[in-house]
Each structure stands twice: as structure tokens, then as C-alpha cells.
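Student: here's my sequence, what's the structure:
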Amino acid sequence: MPRNRKKIRQQYRQVAKQGGLTPTGQGGIAQTARGRGYSTDQIKGVPEEAVQMGLGCGNPTALAELQPGQIVLDLGSGGGLDVFVAAKKVGPTGKAIGVDLTVEMVDKARRLAAEGGCRNVEFHVGQIENLPVASESIDVVISNCVINHSLDKAAIFREARRALKPGGRLYISDLVVTAPPSEPDAPGMEIWADWLKAACGKGEYLKAMEQAGFTDVTVTAEQPYAGPGMIPALAGRIVSLQLTARK
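Tutor: Numbers count the residues shown, from 1 in each chain. The predicted structure is shown next:
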């Protein structure tokens with residue numbers, strides 16, 4: 001197993017055990033959701049623990065114009081927040097599927113689905129570079145701040161395109177690097193060191209999507225990242241992108 005994949009699994013296993021990066025704030029679960037880009041209406045009926053477990057850098061389900069009956073695939077589904085949100089939109093005639101590397105995350109998402117009586121969701125342990133889904137079986141692929149961790153982004157985009165039906169859409173929230181750290185040895189850089197080895201720039205990221213065969217690749221929003229763990233040496237050097245593309 002590549003070093004960064006092993007580390008990712010260890011980190012997210014710990015997050016799953018502790019129930020998220022941070023506890024719910026004073027404003028309750030609704031405020032926690034708003035801080036992560038989700039409206040109160042979007043999380044209505046979604047397991048609270050899944051909202052607390054949300055680790056993304058955006059809300060790809062807000063970009064996707066999901067319709068009843070569609071099949072949605074979430075790459076790196078974690079505790080299942082985006083899967084549960086998508087499942088509400090596609091309804092009982094549709095399905096939302098999550099794939100995640102971490103067994104503990106998948107187990108937690110499955111438990112939340114069972115407890116909440118969510119019957120149009122599935123969660124699978126797997127690598128997003130080698131998806132456990134049939135070709136041309138998915139209407140919409142989403143991903144929230146996961147692809148940036150991979151050393152082989154091109155493989156992920158090839159797999160996403162393989163899974164999509166002709167005309168299917170890809171909606172991503174993710175992070176890219178715009179410049180090296182201002183101080184490579186600054187306090188706190190050790191937390192980011194392995195991530196920076198896998199991260200890439202905006203141009204390289206978009207090129208990987210296009211080389212995989214996606215068309216209409218579009219950046220719909222772009223802003224400096226100021227999420228958990230951000231340190232002065234990286235301020236303004238990591239950007240959150242919202243992207244769409246078509247097969």
C-alpha cells in the first residue's frame with residue numbers, strides 16, 4: 001500500500017473513532033452544517049452524526065442538479081454526509097452509493113443508514129482509483145475534498161468516467177496548491193507534509209480531468225482555504241475549488 005494511502009487510512013480511522021474533527025458548536029447541528037456549506041433544509045432528516053463527521057471543503061451536492069431516480073456515486077464518502085443528502089434528492093426510486101478506503105468510516109455510515117431507515121443508500125469499502133461499481137452504471141459522480149489526497153488522480157478520473165453513463169456529470173469540491181509554503185519548516189508544517197506530497201496545482205488537476213476524457217470541465221467557484229489545521233505558512237497558498245465536468 002502506498003505510504004500516503006496507509007497514512008490516510010490511519011488518520012480517518014481515528015476521525016471515525018472520535019466522531020469527527022470537532023464537536024457540534026453552540027448553535028447546534030444546523031450551525032455546524034452551515035459552517036460546512038449545507039443549508040438546514042439539506043440536512044433535514046440526515047443523521048446528525050453524519051453531519052458531525054463531514055470533513056469536506058465544500059458541498060458538491062449543491063452543485064449537482066440531482067433528479068428523482070438517479071444513481072449517485074460519492075468518491076471518498078467518509079461518514080456518509082453527502083450520500084445521505086444525495087439520497088434525499090434522488091428519492092426512493094434512485095440510489096446514492098458511497099465508496100471509502102476506511103473500514104471504520106464505512107461501518108459507521110452503514111450503521112447510521114440502518115438506524116435512520118435509509119434504504120436507498122449503499123456503502124462499500126474500496127479504493128477510488130479502482131471503483132467497485134459497474135461501467136456506465138452511474139448518473140452523477142460527486143466527491144468532497146478527497147481526490148487531493150491521492151498520488152494517482154488520473155486513475156481516479158479515468159475510473160469516474162468509466163463508471164458514468166454517457167452524458168453523466170461529475171461534481172467535485174477539492175483543494176489545490178497555488179504556491180509552496182512561505183516557511184517550509186514553520187510550526188505545524190509536519191501536519192501538512194504528506195498531504196503536500198500528493199497535492200497538485202489547479203492546472204495539473206484540470207489537465208488530469210481532461211486527459212481522462214471529461215469535457216466541459218468548469219471551475220464554478222474558487223476561494224482560499226481556511227479550514228481545520230490551516231497555518232500562516234500556507235495561508236493563501238491552498239485554494240478550494242468547485243468543479244463540474246461531463247462524460
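
Student: which secondary structure elements does the strand ranked longest in the chain contact?
Tutor: Secondary structure of the chain per DSSP state E: the longest strand is strand 164-177. Secondary-structure packing of strand 164-177 (3 or more CB pairs under 8 Å, 6 or more residues apart in numbering; DSSP states H and E): helix 60-63, strand 138-144, helix 202-211, strand 238-246. Using the backbone N, CA and C atoms, a C-beta is placed for each residue, glycine as well.

Student: quick one: least confident helix or strand in the chain?
Tutor: helix 3-18 (a mean of 52; mean pLDDT, DSSP states H and E).

Student: how far away is the spatially most central residue of the chain from Pro68?
Tutor: Computing the C-alpha centroid of the chain and ranking residues by CA atoms, centre = their mean puts Asn144 first, at 2.0 Å. Per CB to CB, to the nearest Å, Asn144 is found 22 Å from Pro68.

Student: give me the phi and psi angles of the spatially closest residue to Ile128 that is not a sequence neighbour.
Tutor: Computed as CB to CB, 6 or more residues apart in numbering, the closest residue to Ile128 that is not its neighbour in sequence is Leu75, at 4.4 Å. Backbone geometry at Leu75, expressed as degrees, to the nearest 10, gives phi -90, psi 110.

Student: okay, Leu75: pLDDT?
Tutor: pLDDT recorded at Leu75 is 98.

Student: same deal with the one 3 residues further on?
Tutor: With respect to pLDDT, Gly78 has a value of 91.

Student: tally of neighbours for Asp139?
Tutor: Here the number of neighbours of Asp139 (other CB atoms under 10 Å) works out to 20.

Student: list the contacts for it?
Tutor: By CB atoms under 8 Å, 6 or more residues apart in numbering, the residues touching Asp139 are 70-72, 164-165, 168-169.

Student: which among the residues you listed end up buried?
Tutor: 70-72, 164, 168-169 (16 or more other CB atoms under 10 Å).

Student: let me know the closest of those to Ser137.
Tutor: Ile71 (6.6 Å; CB to CB).

Student: tell me the phi and psi of that closest one?
Tutor: Per degrees, to the nearest 10, the backbone of Ile71 is at phi -110, psi 120.

Student: what about Gly58, distance to Gly227?
Tutor: 10 Å.

Student: now swap in Ala62 and tell me
Tutor: Ala62 is 17 Å from Gly227, by CB to CB.

Student: same question for Ala235.
Tutor: From Ala235 to Gly227 the distance is 12 Å (CB to CB).

Student: which residues in the protein form helices?
Tutor: Counting by DSSP state H, the chain has these helices, from start to end: 3-18, 28-35, 40-43, 48-52, 60-63, 81-90, 103-116, 153-163, 189-198, 202-211.

Student: what's opposite the closest residue to Thr220 other than its chain neighbours in the beta bridge?
Tutor: Nearest non-adjacent residue to Thr220, counting by CB to CB, 6+ apart: Gln242, 4.7 Å away. Under DSSP bridges, the beta-bridge partners of Gln242 are Ser173, Ala221.

Student: averaged pLDDT, stretch 183-199. What do you get?
Tutor: Averaging pLDDT along stretch 183-199 gives 90.

Student: then stretch 84-97?
Tutor: Across stretch 84-97, pLDDT averages out at 97.
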